[in-house]
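In: predicted structure and sequence below. I'll ask about it afterward.
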Amino acid sequence: MNCRYVPFITLSELKHRAWITLSGCNFRCRGCFSIAREQRGEPMSVEQLVALVRRASARYYGSEQLEEVIITGGEPTLDRDYLVQLVSALNDFTDWIVLDTNGYLLDESYLKELISAGLKEVMFDLKAWDEAIHRWYTGHSNRRVIANIRAAYGRVKMVVNTVYIPGIVAEQEIERIAMFLAQIDVNNEIDYRINRFRAELSHEKIARNPYDDEMERAHALVARYMRSAVIGKSCVHERSVKEKRGWITVFPDGTMKRRTLDDYRHDNYARVRIRT
């Protein structure tokens, strides 16, 4: 039985929306703060995972039907057959399925298969424009990622994310990414999100947190080229919400717990079984 390790799924407090976290990643990003980079959680087949999502949704929202499901990680694209089957199965109870990916493996044929299965949106994480910086930061070249972003344009709704890392991926890098996106985005369809580096959460202490004025300058640079630029929050879909948010974490055994960003990392390491 084909399985992926699942540390948890997450439900939104605001809308009928779920995030599915698949652990394990092909990148080794120095500034990564996701506990799902390593293989953590419990092995689950597509059938088991979908059943967990359905039960959790029915219990929390009173209905299995979801407005949206985001598949994230870790890196969701590591197992092609598993991901295609998962997208197809999710179509039974949601109208909008989003893939959050580093884009390295998502070539044209892979994306076409996912779209046929029901995928509606892709959020690409483009870590850096300079290939040397990208290779130092992730362990991989970014040439395939850039090619896959270019090939995906016009085929699916797209969001591109970049983390502002002071002294590493700062204004010059972000402007160069914006120029590339503007070149291919002839219909102004791509959303570009600039996220804040969080030094307190990263695997390696490679930089400090960016200052507000640095983020604003980067945003102003991007706005010269693109209409849909935003300084990102934890979720692009909830970026306009002003109140402090929490999420409902659902573990593989069905246990639910409300968590905020303040206790996210602590609870994950305390509750999720580490796979070595």
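Out: It's in. Residues are numbered from 1 along each chain as shown.

In: residue contacts, Asn209?
Out: With Cβ atoms under 8 Å, 6 or more residues apart in numbering as the criterion, the residues that contact Asn209 are 166, 196-200. Glycine gets a C-beta too; all of them are placed from N, C-alpha and C.

In: tell me the pLDDT of it.
Out: In the predicted model, Asn209 carries a pLDDT score of 95.

In: tell me which element it is part of?
Out: Here Asn209, judged by DSSP states H and E, is contained in no helix and no strand.

In: for stretch 148-157, output the C-alpha coordinates as CSV.
Out: Presented in CSV, the C-alpha positions along stretch 148-157 are these (Å, rounded to 0.1, in the frame of the first residue of the first chain):
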residue,chain,number,x,y,z
ASN,A,148,8.4,24.8,-14.4
ILE,A,149,7.0,28.2,-13.4
ARG,A,150,7.2,29.4,-16.9
ALA,A,151,5.6,26.2,-18.3
ALA,A,152,2.7,26.4,-15.7
TYR,A,153,1.7,29.9,-16.6
GLY,A,154,-1.7,30.0,-18.3
ARG,A,155,-2.5,26.4,-17.3
VAL,A,156,-3.5,26.9,-13.7
LYS,A,157,-4.0,29.7,-11.2
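
In: could I have the buried ones of the contacts of Asn209 as ChimeraX selection syntax?
Out: Buried residues within the contacts of Asn209, by 16 or more other Cβ atoms under 10 Å, are selected in ChimeraX with:
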select :166,196,197,199
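
In: what's the closest non-adjacent residue to Ala128?
Out: Nearest in space to Ala128, with sequence neighbours left out and distances taken as Cβ to Cβ, 6 or more residues apart in numbering, is His134 at 4.2 Å.

In: figure out how far the strand or helix carrying that neighbour is from the centre of its chain.
Out: Taking DSSP H and E as the criterion, the element that holds His134 is helix 131-138. Centroid separation for helix 131-138 versus its chain: 19 Å, with Cα atoms, centre = their mean, to the nearest Å.

In: list the buried residues for that helix?
Out: The neighbour-count criterion (16+ other Cβ under 10 Å) identifies 133-134, 137-138 as the buried residues of helix 131-138.

In: state the mean pLDDT of the helix or strand where Pro43 lies.
Out: Counting by DSSP H and E, the secondary-structure element that holds Pro43 is strand 42-44. Over the span of strand 42-44, the pLDDT mean works out to 97.

In: which other helices and strands contact the helix or strand just after it?
Out: Helices and strands here follow DSSP H and E; after strand 42-44, the next one along the chain is helix 46-61. Identification of packing neighbours for helix 46-61 by 3 or more Cβ pairs under 8 Å, 6 or more residues apart in numbering; DSSP states H and E yields strand 4-6, strand 9-12, strand 17-22, helix 80-90, strand 247-250, strand 256-259.

In: and helix 46-61, what's buried?
Out: With burial defined by 16+ other Cβ under 10 Å, the residues of helix 46-61 counted as buried are 46, 49-50, 52-54, 56-57, 60-61.

In: and if you look at stretch 90-106?
Out: Residues of stretch 90-106 classed as buried by neighbour count (16+ other Cβ under 10 Å): 90, 93-94, 96-106.

In: for those residues, which one is nearest Leu78?
Out: For these, the residue nearest Leu78 by Cβ to Cβ is Leu105; the value is 7.2 Å.

In: so the closest one, which of the three states?
Out: Here Leu105 is recorded as coil under DSSP: H, G, I helix; E, B strand; the rest coil.

In: which residues touch it?
Out: Residues in contact with Leu105, defined by Cβ under 8 Å, 6+ apart, are 26, 75, 77-78, 80.

In: switch to 6 Å and redo it
Out: Taking Cβ atoms under 6 Å, 6 or more residues apart in numbering as the contact definition, Leu105 lies against Thr77.

In: then Glu68?
Out: For Glu68, the contacting residues are 17, 96, taking Cβ under 6 Å, 6+ apart as the criterion.

In: name whatever forms a beta bridge with it.
Out: Counting by DSSP bridges, Glu68 forms beta bridges with Arg17.
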